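In: Sequence and predicted model, in that order:
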Amino acid sequence: MNPTLGDLEAPARRDQHEGEGATRGTARMEAFADGVFAIAFTLPIFNIVMPGVARSGALLGQDLWTIWPQYGGYLLASTIIGLYWVHHHFSGAIYRTTGHWFLVATTIFLATIGFIAFPARVFAGNFSDPLARAPASQFLVFSLAAVSLAWLLKWNVGRTRGQVDSRLEPAYIGRLNRRYRYMALWNIAAAALSLVVWQAGLGMAVAGLAFKILPPETPRYRTEAPAVEGEE
């Protein structure tokens, strides 16, 4: 039985999803997620160690140049975290409610975001060593696959447990579903390929990140689109 217009527009009830605890809105989840992203985005700068002051000040420029791998680690981590935050910010307009299992899946995803700066640092710090390039690249590519899979898990749990806004067009939800699945499969393939030819696997992973620069499709609604009335 298809929901009526009134059903779609009706406010969510706290008992809407049985077995999920109390159904709630997304405001607190988004606030927590934004806090995790903000900390994860900020921490990589603390991994840049300032050159020691024991040497002559005339060598400061040289010393600043020699720590370039630390700059690379910061830039890489910031890019990954920033791109995922952009898409997480967008997804706040897609989910209408939260429940227990959706919050668990979101926590798993945020844990991968909190971790990703470490493989980015390992990759940048060891890429200049020919013997370390392969394992450092594989570590990064597998970590990116983990983030992508955690994103897909969050989406699938939200979609199947009723957290995705029911006012959205089913065809639009289907397109998002395919996009997230393809991206996860792309990153899994990149991880597998990196075990055979690490350069090719790394290239695939970088291409997947570059794809995230493109904006998501504008939401399509079965009813009149909800007005943007400010942040709650």
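Out: The structure has been received and is ready for your questions. Numbering: from 1, shown residues only.
In: in the protein, which helix has the most residues?
Out: Taking residue count as the measure and DSSP state H as the definition, the longest helix of the chain comes out as helix 133-160.
In: List the buried residues of the very next helix or strand once past that helix.
Out: Of the helices and strands lying after helix 133-160 in sequence (DSSP states H and E), the nearest is helix 170-194. When burial is assessed from 16 or more other C-beta atoms under 10 Å, helix 170-194 yields the following buried residues: 172-173, 176, 180, 183-184, 186-188, 190-191, 193-194. Placement of C-beta: from N, CA and C, glycine included.
In: any idea of the angle helix 170-194 forms with helix 133-160?
Out: When axes from the mean of the first three to the mean of the last three C-alpha atoms, to 10 degrees is applied, the directions of helix 170-194 and helix 133-160 differ by 160 degrees.
In: thinking in terms of the whole chain, how far from its middle is helix 170-194?
Out: 13 Å (C-alpha atoms, centre = their mean, to the nearest Å).
In: Determine the set of other helices and strands touching that helix.
Out: Secondary-structure packing of helix 170-194 (3 or more C-beta pairs under 8 Å, 6 or more residues apart in numbering; DSSP states H and E): helix 133-160, helix 198-211.
In: Distance check, the nearest residue to residue 221 once chain neighbours are set aside against residue 200.
Out: The shortest distance from residue 221 to any residue that is not its chain neighbour, by C-beta to C-beta, 6 or more residues apart in numbering, is 5.1 Å, and that residue is residue 167. When distance is defined by C-beta to C-beta, to the nearest Å, residue 167 is 42 Å away from residue 200.
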